[in-house]
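1. Kindly return the folded structure for what I paste below:
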Amino acid sequence: MNTLTHLNARGEARMVDVSDKQITSRTASACASVKMHPTTLNMIVEGGHPKGDVLATARIAGIMAAKKTPELIPLCHPLMLSKVEVELTPDTNLPGIRILATCKLAGQTGVEMEALTATSVAALTVYDMCKAVDKRMEIEGIRVLEKTGGKSGDWVFDTAPQPADQSASAPATQTATSSNTAASKGSMIQVHFFAELREQLGVDNLSLSLQDLSGNTLEDLLQQLHSRGESWQRYLSGNNLLIAINQQMVKSGHNIKAGDEVAFFPPVTGG
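-> Numbers count the residues shown, from 1 in each chain. Okay, the predicted model is just below:
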């Protein structure tokens, strides 16, 4: 298991020295949601809130918060962010607002905390602006969705392993886990979702192992994705769903292999 780098040998908190780290392109995305009464959501969507545009205000608050992260979170490094994007999407099924924040830079440390801070403050701003009419709002699901770059490589929430138990047999467990990870890494495929699908499913991409599928066809992949819940079944179904493998359009019976990039596009309608 990784050690806690924010502690020194005496267990004291410290800022990690990143001066020897390589400068790489790094991104991180985080999400949250604010559940509320349907009438509160309608008021936000219709622009009838007496305090003004809730979504626009929360978006600006999230962007500003990302840039203030080292002033809010102890031991975070001041970073030269090249991108901060905060998206707030009304969802009648929640009902409430879904928030997605993405941060990017070229630097020596990651931007997970900046993405989390942007998401959290945007959610708090929604709550603050609407608390007079709905004090039962709930902020939930704050988490990092994915991060890229850096020595530790890419990481995706949906496919990340759980931390291993620390016990007397930890070294043997770690060895077995490392072996399994190395074996499965070579069987990974990348799955991407575009346009409305990205918003409907709440995720841009996934890293999946072929070993988790019942077979090696797109039908097997779809079956695995459908098992994630009702929304996955609803939006990834139908004959008009467009699928590409390695940027070539294919049919659902097509075979997939390790290293493939599978992209899903929403159905095309019209004449």
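2. for this structure, where's the lowest mean pLDDT among helices and strands?
-> helix 170-185 (a mean of 44; mean pLDDT, DSSP states H and E).
3. The helix or strand just after that helix - contacts with which helices or strands?
-> On the C-terminal side of helix 170-185, the closest following helix or strand by DSSP states H and E is strand 188-193. Counting contacts by 3 or more Cβ pairs under 8 Å, 6 or more residues apart in numbering; DSSP states H and E, strand 188-193 is packed against strand 205-209, helix 218-226, strand 261-265. Every residue, glycine included, has its C-beta placed from N, CA and C.
4. Would you mind pulling the contact partners of the helix or strand following the longest one?
-> The reference is to helix 218-226. Using DSSP H and E, the helix or strand that directly follows helix 218-226 along the chain is helix 230-235. When contacts are defined by Cβ atoms under 8 Å, 6 or more residues apart in numbering, helix 230-235 is touched by residues Leu197, Gln200, Leu201, Leu225, His226, Pro266.
5. who's in contact with His37?
-> Pro95, Asp134, Arg136.
6. I'd like to know how far it sits from Cys31.
-> Using Cβ to Cβ, to the nearest Å, His37 is found at 21 Å from Cys31.
7. tally of neighbours for the spatially closest residue to Leu222 that is not a sequence neighbour?
-> Distances taken as Cβ to Cβ, 6 or more residues apart in numbering place Leu236 nearest to Leu222, at 6.1 Å, with adjacent residues excluded. By other Cβ atoms under 10 Å, 20 other residues sit near Leu236.
8. any idea how far Leu236 is from Lys251?
-> Counting by Cβ to Cβ, the gap from Leu236 to Lys251 is 15 Å.
9. repeat for Thr217
-> 10 Å.
10. same question, Ile63
-> 42 Å.
11. Can I have the buried ones of the contacts of His37 as a ChimeraX selection?
-> The following ChimeraX line selects those of these that are buried, judged by 16 or more other Cβ atoms under 10 Å:
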select :95,134
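12. Now name the helix or strand holding the spatially most central residue of the chain.
-> The chain has Leu145 as the residue nearest its centroid, 2.0 Å off, counting by Cα atoms, centre = their mean. Using DSSP H and E, Leu145 sits within strand 138-148.
13. and the next helix or strand after that strand, what does it pack onto?
-> As assigned by DSSP H and E, the chain's next helix or strand after strand 138-148 is strand 155-156. Helices and strands touching strand 155-156, by 3+ Cβ pairs under 8 Å, 6+ apart, are strand 138-148, strand 205-209.
14. Only alpha carbons, please: show the longest one as CSV.
-> The one in question is strand 138-148. As requested, the backbone C-alpha atoms of strand 138-148 are provided in CSV (Å, rounded to 0.1, in the frame of the first residue of the first chain):
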residue,chain,number,x,y,z
GLU,A,138,-28.6,17.3,0.2
ILE,A,139,-25.1,17.5,-1.2
GLU,A,140,-23.8,14.0,-2.1
GLY,A,141,-21.5,11.9,-4.2
ILE,A,142,-18.5,14.2,-4.0
ARG,A,143,-15.6,12.1,-5.6
VAL,A,144,-12.8,12.1,-8.1
LEU,A,145,-14.0,10.5,-11.3
GLU,A,146,-10.7,10.2,-13.0
LYS,A,147,-7.2,11.6,-13.2
THR,A,148,-4.4,11.4,-15.8
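15. So what touches it?
-> By Cβ under 8 Å, 6+ apart, strand 138-148 touches 25-36, 100, 110-112, 115-116, 119-120, 123-124, 127, 154-157, 203-205.
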